[in-house]
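Participant: output the structure for:
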Amino acid sequence: MTIETSNQTLENTRRLASEALERASHTVREMRSSAQDAASRGMSAVSDRAAAARGYVSEYARTGGRYVADNPLKSALIAAAVGAAVAGLVLAMRHRREMNDKYF
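Facilitator: This next block holds a predicted model:
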């Protein structure tokens, strides 16, 4: 192999490597752009869902407030019953845990 052929081969290899690097760089830019678009769409969807959830919670709070204002005694009895049920569940779970700890 002559020096000229060797230089030509080296130049061809450099050109091919440069082209491959350019294609890879272009692919990475496209992937990055696609990922950014997907992230942007995801954030927009989350934001929309959060706004809808805030609206639902606000509506439930208004409805609950009206119900309590219209039915104060019934509301207090419901709250007491829910509190007693939660306390009963907590005590039952605590007792069960203590029993499991005792035997293991």
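
Participant: any weak-confidence spans in the protein?
Facilitator: Counting by pLDDT under 70, the chain contains low-confidence residues at 1, 103-104.

Participant: try it again at 80.
Facilitator: Flagging of the chain using pLDDT under 80 yields the residue ranges 1-6, 98-104.

Participant: can you give me the helices for this structure?
Facilitator: 3-70, 72-103 (DSSP state H).

Participant: chain center to the first one: distance?
Facilitator: Helix 3-70 has its C-alpha centroid displaced from the chain centroid by 14 Å (Cα atoms, centre = their mean, to the nearest Å).

Participant: could you check the angle it makes with helix 72-103?
Facilitator: In terms of direction (axes from the mean of the first three to the mean of the last three Cα atoms, to 10 degrees), helix 3-70 departs from helix 72-103 by 120 degrees.

Participant: what packs against helix 3-70?
Facilitator: Taking 3 or more Cβ pairs under 8 Å, 6 or more residues apart in numbering; DSSP states H and E as contact, there are no helices or strands that helix 3-70 lies on. All C-beta atoms are positioned from the backbone trio N, CA, C, and that covers glycine.

Participant: can you pull up the most central residue in the chain?
Facilitator: The centre of the chain sits closest to residue 46, judged by Cα atoms, centre = their mean, with a distance of 8.1 Å.

Participant: how does this protein divide into domains?
Facilitator: 1-70, 72-104 (automatic domain parsing).

Participant: residue 29 and residue 22: what is the separation?
Facilitator: Going from residue 29 to residue 22 by Cβ to Cβ, to the nearest Å gives 11 Å.

Participant: now do residue 12
Facilitator: Distance, residue 12 to residue 22, using Cβ to Cβ: 16 Å.

Participant: swap in residue 69?
Facilitator: Distance, residue 69 to residue 22, by Cβ to Cβ: 70 Å.

Participant: and what of residue 5?
Facilitator: Plainly put, residue 5 is 26 Å away from residue 22 if you go by Cβ to Cβ.
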